[in-house]
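1. take a look and give me a structure for this.
(chains A and B)
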Amino acid sequence: DAKTTQPTSMDCAEGRAANLPCNHSTISGNEYVYWYRQIHSQGPQYIIHGLKNNETNEMASLIITEDRKSSTLILPHATLRDTAVYYCIVRAVYNTDKLIFGTGTRLQVFP
Amino acid sequence: GAGVSQSPSNKVTEKGKDVELRCDPISGHTALYWYRQRLGQGLEFLIYFQGNSAPDKSGLPSDRFSAERTGESVSTLTIQRTQQEDSAVYLCASSGHSIQFFGPGTRLTVL
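-> The predicted model follows:
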């Protein structure tokens, strides 16, 4: 799996959009970008994934650059409950192999 | 149940004792994973079961660690002769396709 690079930490005001960047310059053509998050003392939670088109679901939006070397996870209206570590992972789709977690971005949402 | 369950939620043991951790995956999920997360660290892959294929044991840190899974159901992770360095949260996940769903974890403390 390709390696990803994320900022160590970010802050966001409650109600504002949180934009979490991820670099994956060595991504392969058959690899998707997945985002998970881990709220304190809980197991990781799947958020969203995409290949090259922008994706949106009830939790977040995923914007992938045209060259696919980077992406941004957007939480449109952050709440205090969104405070968590966010992990960006690249891997082949339809692949049930293990996930390789990096260090992620610790997002702190403040009132 | 609707999600992945793990038991016990907490386990305190003495150095040198054996422990067994249990994971009940989501019904119908063919893939099952064990990860370890030490305090303040990221997730480390331990072992992966996929259907009837031989498990991927490449993440097991030593021969004191072993895991079993019967068919597509329950899995147990066994740690023999526990050491203080084994203290961590042990997370189980299951997957039907490419998205992994995680359980709440078992917090193991070795005194």
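2. so what's the closest residue to chain B within chain A closest to, chain neighbours aside?
-> Scanning chain A for the residue nearest chain B gives residue A:43, at 3.2 Å (criterion: CB to the nearest CB). C-beta here means a position set from N, CA and C on the backbone, and glycine is covered the same way. Distances taken as CB to CB, 6 or more residues apart in numbering or on different chains put residue B:102 closest to residue A:43, at 3.2 Å, once the chain neighbours are dropped.
3. quick one, what contacts the one you found?
-> A:43, A:44, A:45, B:4, B:91, B:92, B:93 (CB atoms under 8 Å, 6 or more residues apart in numbering or on different chains).
4. beta partners of it?
-> Here residue B:102 shows beta-bridge partners residue B:93, assigned using DSSP bridges.
5. related to what we said a few turns ago, which pair in the contacts of residue B:102 spans the largest distance?
-> Greatest spatial distance in the contacts of residue B:102: A:45 and B:92, 14.3 Å, computed using CB to CB.
6. in terms of helices and strands, where is the nearest residue to residue A:61 once chain neighbours are set aside?
-> Distances taken as CB to CB, 6+ apart put residue A:74 closest to residue A:61, at 4.4 Å, once the chain neighbours are dropped. Assessed by DSSP states H and E, residue A:74 sits inside strand A:70-75.
7. in chain B, which residue sits nearest chain A?
-> Proximity of chain B to chain A (CB to the nearest CB) peaks at residue B:102, 3.2 Å away.
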